[in-house]
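Peer 1: Test case, fold it:
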Amino acid sequence: MSYLGKYSASSGFYDLKKIKAIPCEYIATSFGIKLTKKHNRLWGKLRPEERTSSFSINLKNNLWYDFGSGEGGSVIDLYAKLANISPKEAINRLAKEYGIENEKSRGWHPLTDSQYKELGIQPELATMNFDFDLNKHSVEQLIRWTNKYNMHVKELATKYPEVYDKMVVKKAMEIISDLKNSYEERIREYFKEGINDTTREFLKYSAKKDADEINSKLELLQRALISDKTNYLSLKVNPEHDFININVNDSKALSEDIKIKDKYVKAYKMLFNCDISNFTIDQIKALRDINNSFVNTVNGYLSFEAIKKAYKLLGNKLDKLEHLSFSPGSDMDKLKTEISKTKDLFNKCDAVLSAIQEALKMQKNSSLQNHCNKTINNEFTQQL
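Peer 2: The predicted structure is shown next:
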């Protein structure tokens with residue numbers, strides 16, 4: 001399945017978030033596909049020769065999947081498939097049909113001085129934002145750089161856009177990273193045993209304030225950039241997903257939930273290099289139930305690919321079970337139990353797949369962020 005920002009290199013002048021918000025249902029029906037709603041999903045046939053529906057749309061996530069071909073993704077992928085065109089052309093057509101403005105035509109606009117300051121940037125003089133270090137750079141270098149970049153940040157953006165982008169990312173991410181550390185520490189404190197209700201509520205309130213500030217700064221950072229096409233908005237945090245709605249007085253249940261989460265986070269990090277620490281307890285428990293039902297005898301845990309295969313198998317099985325016809329002597333109770341069990345696992349697979357995709361996306365952006373922070377000084381030196 002595709003991720004936000006996947007096509008930025010080829011069609012980066014449209015707001016892909018707006019395009020991906022176009023309901024897959026609209027596109028499918030516009031191509032003549034008849035849809036039927038079942039269990040918070042829409043089902044239909046992509047191939048006329050099919051006896052049963054193998055095409056499904058997840059209404060909650062606005063994603064589609066074709067069990068017949070194993071393909072799936074966003075509304076962009078769906079339009080490209082149905083129209084038999086490239087994803088880039090699909091973006092262009094969707095934007096035109098749904099009136100989404102081409103951001104290139106609007107042009108880039110710098111932030112205000114106060115907005116730059118929110119990102120930790122001194123706008124009046126660009127060189128004030130460069131981390132000059134006499135242990136690494138000579139006095140001659142410092143003088144040359146100071147003379148070259150002795151200008152307002154907005155002027156730097158016009159004359160040296162690549163240097164400007166790297167400077168903005170470095171300064172902004174320093175502040176955002178500190179806020180994220182504070183945010184995550186409050187959440188860890190929230191889940192510790194022995195915390196009273198008043199303290200727990202204060203930690204939750206403080207974490208939400210941190211989240212608002214983090215997300216606001218990420219939006220400013222994204223707006224400030226010129227040529228850097230990284231999707232920094234994917235680093236946004238969501239407190240509603242990070243806090244678990246349970247009875248805080250039940251410390252035993254809380255402790256057990258944390259132990260379950262720790263176990264699976266460590267296992268998936270070690271076995272598959274997949275960071276699932278952003279999973280909610282409900283998602284972790286769904287993952288546990290899937291592993292228990294489709295156990296991998298080699299290491300006891302299912303990989304992402306194995307869960308995708310299980311999801312496809314369950315979808316095919318569920319479709320067959322719901323379309324069976326039975327004679328009066330059939331064991332209907334046994335069938336109902338089988339359908340209920342299959343449906344439950346199918347929904348859990350669906351939830352886990354969505355969560356794993358989000359985890360992989362966050363991991364990718366986090367790695368990119370860390371790489372940027374580690375190499376920014378070297379990049380500055382090469383650019384300067």
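Peer 1: can you give me the strands in this structure?
Peer 2: 36-38, 41-44, 55-58, 63-66, 71-73 (DSSP state E).
Peer 1: Which other helices and strands does the last one contact?
Peer 2: So the one you mean is strand 71-73. With contacts defined as 3 or more Cβ pairs under 8 Å, 6 or more residues apart in numbering; DSSP states H and E, the packing partners of strand 71-73 are strand 63-66. C-beta here means a position set from N, CA and C on the backbone, and glycine is covered the same way.
Peer 1: contact partners of the strand it packs on?
Peer 2: Residues outside strand 63-66 that contact it (Cβ atoms under 8 Å, 6 or more residues apart in numbering): 1, 24, 28, 46, 54-58, 71-75, 77-78, 315, 354.
Peer 1: sorry, back to before: looking at the strands of the chain, spot the one closest to I339.
Peer 2: strand 36-38 (11.6 Å; Cβ to Cβ).
Peer 1: and the closest one, how far out from the chain's middle?
Peer 2: How far strand 36-38 lies from its chain's middle: 27 Å, per Cα atoms, centre = their mean, to the nearest Å.
Peer 1: Describe which strands that strand pairs with in its sheet and in which direction.
Peer 2: Partner strands for strand 36-38, per DSSP bridges, with pairing direction: strand 41-44 (antiparallel).
Peer 1: Sketch out the low-pLDDT regions of the stretch 1-150 of the chain for me.
Peer 2: Within the stretch 1-150 of the chain, the stretches with pLDDT under 70 are 1-13, 101-107, 132-135, 137.
Peer 1: Can you tell me the closest non-neighbouring residue to N62?
Peer 2: Leaving aside its chain neighbours, N62 sits nearest to C24 (5.7 Å; criterion: Cβ to Cβ, 6 or more residues apart in numbering).
Peer 1: How many residues are close by that neighbour?
Peer 2: Neighbourhood size, C24 [other Cβ atoms under 10 Å]: 26.
Peer 1: ok, now F279?
Peer 2: Neighbour tally, F279, other Cβ under 10 Å: 24.
Peer 1: With the one 10 residues further on instead?
Peer 2: The criterion is other Cβ under 10 Å. On that basis, D289 has 15 neighbouring residues.
Peer 1: Distance of it relative to K38?
Peer 2: The gap separating D289 from K38 is 21 Å, by Cβ to Cβ, to the nearest Å.
Peer 1: I figured L235 hits I176, correct?
Peer 2: Yes. With contact defined as Cβ atoms under 8 Å, L235 counts as touching I176 (7.5 Å).
Peer 1: who touches both of those two?
Peer 2: The contact sets of L235 and I176 overlap at L218 (Cβ under 8 Å, 6+ apart).
Peer 1: For the residue nearest to K312 when sequence neighbours are not counted, list the residues it contacts.
Peer 2: Distances taken as Cβ to Cβ, 6+ apart place F67 nearest to K312, at 5.6 Å, with adjacent residues excluded. Going by Cβ under 8 Å, 6+ apart, F67 touches S54, F55, S56, K312, G315, N316, D319.
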